[in-house]
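Asks: Next input, structure requested:
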Amino acid sequence: MIVYRVGKTKFASDLSGDGARLFGGRWNHKLTPCLYCSESRALAILEYTVNIQAEDIPRALSITCIEVADAFIRTIKTEALPGNWQGFPAPASTKDFGTEILKKAEYPFIKIPSVIVPQEYNLLLNPVNLDPAIFGILRIEDFVYDIRIKTNEY
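Replies: So this is what the prediction gives:
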């Protein structure tokens, strides 16, 4: 499976999960490294969009295309998630849920429904046990963000 990440170009090849470790996210507490990816470029752009202010969008963005081995993906179904998993801001229950899975490190890839489009999935890559034999960067593509997504100006 190929998954996608949108981010600053200077961090496009960084698979350490340090950004999520430093700031936390919906599925992880601070100090727990994690790489947030999506199953499509479009979903990756939507996820990026809801997590950044228009004035903070850098000029130098990239989409990192990462191949992960299907056999090492654990899929989490909606019914297994905390009842308030779609809450905003992200509730502590989702951070607890994801952090527990990441710390167990049983699976390097966790497939989890997107809050934005629950019928589509994001993947959490656990950098603690990422083996180069089961994942790797395929390519890094330059990405120009269309600011119209964040504004109503044409």
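
Asks: need the helices for this protein, in chain order.
Replies: Ranges of helices within the chain are 18-23, 41-50, 92-104, based on DSSP state H.

Asks: Of all these, which one is nearest G136?
Replies: When these are compared by Cβ to Cβ, helix 41-50 sits nearest G136, at 17.6 Å. Bear in mind the C-beta positions are built from the backbone N, C-alpha and C, glycine included.

Asks: what's the offset of the closest one from the middle of its chain?
Replies: 9 Å (Cα atoms, centre = their mean, to the nearest Å).

Asks: so where is this protein shaky, pLDDT-wise?
Replies: 153-154 (pLDDT under 70).

Asks: What distance do you get for I2 to I66?
Replies: From I2 over to I66 the distance is 7 Å, taken as Cβ to Cβ, to the nearest Å.

Asks: joint contacts of the two?
Replies: L138 (Cβ atoms under 8 Å, 6 or more residues apart in numbering).

Asks: Can you tell me the centre-most residue of the protein?
Replies: Y36 (1.7 Å; Cα atoms, centre = their mean).

Asks: residues touching I116, list them.
Replies: Contacts of I116 by Cβ under 8 Å, 6+ apart are L43, L46, E47, V50.

Asks: Need the buried ones from the residues you listed selected in ChimeraX.
Replies: Restricted to buried positions by 16 or more other Cβ atoms under 10 Å, the ChimeraX selection for the contacts of I116 reads:
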select :43,46,47
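
Asks: Which two among the contacts of I116 are spaced furthest apart?
Replies: Farthest pair in the contacts of I116, by Cβ to Cβ: L43 and V50, 10.9 Å.

Asks: Mind jotting down where the strands sit in this protein?
Replies: Secondary structure of the chain (DSSP state E): strands at 2-8, 35-38, 61-68, 73-75, 109-113, 121-125, 135-143.

Asks: Can I get the third one as CSV, trimmed to CA atoms?
Replies: Read that as strand 61-68. Output in CSV follows, covering the C-alpha atoms of strand 61-68 (Å, rounded to 0.1, in the frame of the first residue of the first chain):
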residue,chain,number,x,y,z
LEU,A,61,5.6,21.9,0.8
SER,A,62,6.0,18.3,-0.3
ILE,A,63,4.0,15.2,-0.5
THR,A,64,6.0,12.2,0.7
CYS,A,65,4.9,8.9,-0.9
ILE,A,66,5.7,5.9,1.4
GLU,A,67,5.2,2.3,0.6
VAL,A,68,4.1,0.1,3.5
